[in-house]
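1. Sequence and predicted structure, then a few things I'm wondering about:
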Amino acid sequence: MMTAPLPLTNGLPDPEHDADFYAGVPTKRALAWAADVTLVLIVSLLIVPFTAFTAIFFFPVLMMTVGFVYRWFTIAGGSATWGMRLMGIELRAHDGARLNGTTALLHTLGYTVSFVTFPLQLLSAAMMATTPRGQGVSDYLLGTTAINRPA
């Protein structure tokens, strides 16, 4: 399914008039998340030997740190993680522009807080599945949303 180029001067696409931008995005976000977590796990496992295997004792913290840096830099560099790119989606700011480094940092921080706070994680997943733009908690607070990558 092809979507028209995103008109950056008009903000985010309207979910009713430009529904193609949001078609299947919640499922694609879930699949992108799984791909990203798998990649972060692999990178984290590769780091363990370089810590004289002491990282085994703080492996969840290592994974969270690797994941934070990975999300921040990939979103800042292309408005999407590698998993999102694989699924053909990207994040956009309230004005329709790609996320800059600061917004990517705030989005990653919001994602991390939601991830480690189970009720927020549930709320975020429910919001992605039920709101017109499929926004999670951090998306809603920042005015960002995930859309299908424009053609």
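-> Great, that's in hand. Computed from a predicted structure; not experimentally measured.

2. What is the burial count for the closest residue to Ile147 other than its chain neighbours?
-> Distances taken as Cβ to Cβ, 6 or more residues apart in numbering place Phe21 nearest to Ile147, at 4.3 Å, with adjacent residues excluded. Heads up, the C-betas are built off the backbone N, CA and C, glycines and all. Neighbours of Phe21 under the rule other Cβ atoms under 10 Å: 23.

3. Would you mind confirming that Phe21 makes contact with Arg149?
-> No: using Cβ atoms under 8 Å, Phe21 is not in contact with Arg149, being 9.3 Å away.

4. what helices or strands is the longest helix seen in the chain leaning on?
-> Looking across the chain with DSSP state H, the single longest helix is helix 25-47. Helices and strands touching helix 25-47, as assessed by 3 or more Cβ pairs under 8 Å, 6 or more residues apart in numbering; DSSP states H and E, comprise helix 59-78, helix 82-87, strand 89-92, helix 118-130, strand 145-148.

5. Of all the ones you listed, which one comes closest to Thr51?
-> helix 59-78 (8.0 Å; Cβ to Cβ).

6. Now do the closest one: which elements does it pack against?
-> For helix 59-78, the contact count by 3+ Cβ pairs under 8 Å, 6+ apart identifies helix 25-47, helix 101-116 as packing neighbours.

7. As a markdown table, the ones you listed with distance to Gly67 would be great.
-> Output for the helices and strands packed on helix 59-78, formatted as a markdown table (distance: least, Cβ to Cβ, whole Å):
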| stretch | distance to Gly67 |
| --- | --- |
| helix 25-47 | 4 |
| helix 101-116 | 8 |
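
8. now the ones you listed as CSV including mean pLDDT, distance to Ala80 and mean neighbour count?
-> Listed next are the helices and strands packed on helix 59-78 as CSV, based on pLDDT from 0 to 100; distance: least, Cβ to Cβ, whole Å; neighbours: other Cβ atoms under 10 Å:
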stretch, mean pLDDT, distance to Ala80, mean neighbour count
helix 25-47, 97, 8, 16
helix 101-116, 96, 10, 17
